[in-house]
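*Asks:* heads up, no residue letters with this:
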C-alpha cells in the first residue's frame, strides 16, 4: 500500500500538462484531488520537490531493510517523475513559441493521460503485490536495485 503512494509523485508533476484538459472538462478535476497534499507540501518547503526526491531515494530506495517490492515501486515512481520533469523543461524551453496552439495542447494532454495511466497501473500493481512492468523503466529499476 505504501509503495503505491509513491506514484503520487509523478502524477503531481503531470498535472500541469493536463491543465487545458481539466479546464475544458471541470468534472475531471476530481482526479487531481489525491495529489493536492503533495503539491502543497512541495510548494510549502523551499526546493520541496528536490527534498522529497532525496528523502525517498535515500530513506527508501537505498535502504536494504525496506522490502524489495516497496523499493522497486518507489524507484520506478522516481524515474517516471524524472522523465516528467525533463519533459516539462523541454516543453518550457523548446516548445514555448507554440504556447496555446492546438498541437501543443494535444501533446500536453497526451503526456498527462499517459502519466495518469502509468501511475494508476503502478498503484494497482503495488496493491496487488506485484511489480509494475513498464518497458524500459522497469528494466532500469531492476538494474539499480
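*Replies:* Good, I have the coordinates. What you are looking at is a predicted structure, and each value in this text was computed from that prediction instead of being measured.
*Asks:* Could you check how many residues crowd around residue 132?
*Replies:* 25 (other C-beta atoms under 10 Å). All C-beta spots, glycine's among them, are computed from the backbone N, C-alpha and C.
*Asks:* Let me know the secondary structure of it.
*Replies:* The three-state label given to residue 132 by DSSP: H, G, I helix; E, B strand; the rest coil is coil.
*Asks:* ok, it touching residue 121?
*Replies:* Yes: using C-beta atoms under 8 Å, residue 132 makes contact with residue 121 at a distance of 5.6 Å.
*Asks:* can you pull out the helices in the chain?
*Replies:* Taking DSSP state H, the helices of the chain run over residues 2-5, 8-14, 19-24, 36-44, 48-56, 68-94, 102-128, 137-144.
*Asks:* What residues sit buried inside the fifth one?
*Replies:* Which is helix 48-56. Neighbour-count burial for helix 48-56 flags 49, 52, 53, 56 (criterion: 16 or more other C-beta atoms under 10 Å).
*Asks:* Report all helices and strands that it contacts.
*Replies:* On a contact count with 3 or more C-beta pairs under 8 Å, 6 or more residues apart in numbering; DSSP states H and E, helix 48-56 meets helix 8-14, helix 36-44, helix 68-94.
*Asks:* Figure out which of those is closest to residue 25.
*Replies:* Nearest to residue 25 among the helices and strands packed on helix 48-56 is helix 8-14; the distance by C-beta to C-beta comes to 16.1 Å.
*Asks:* Which residues outside that closest one are in contact with it?
*Replies:* By C-beta atoms under 8 Å, 6 or more residues apart in numbering, the list of residues contacting helix 8-14 from outside reads 34-35, 38-39, 42, 49, 52-53, 56, 77-78, 80-81, 83-85, 88, 111-112, 115-116, 118-119.
*Asks:* Got a ChimeraX select line for the buried ones in those residues?
*Replies:* Here is the ChimeraX selection string for the buried members of the contacts of helix 8-14, based on 16+ other C-beta under 10 Å:
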select :35,38,39,42,49,52,53,56,77,78,80,81,83,84,88,111,112,115,116,118,119
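*Asks:* need the contact list for the residue lying farthest from the centre of the chain.
*Replies:* The centre of the chain is farthest from one residue, residue 97, which by C-alpha atoms, centre = their mean lies 25.7 Å away. If you count contacts by C-beta under 8 Å, 6+ apart, residue 97 has none.
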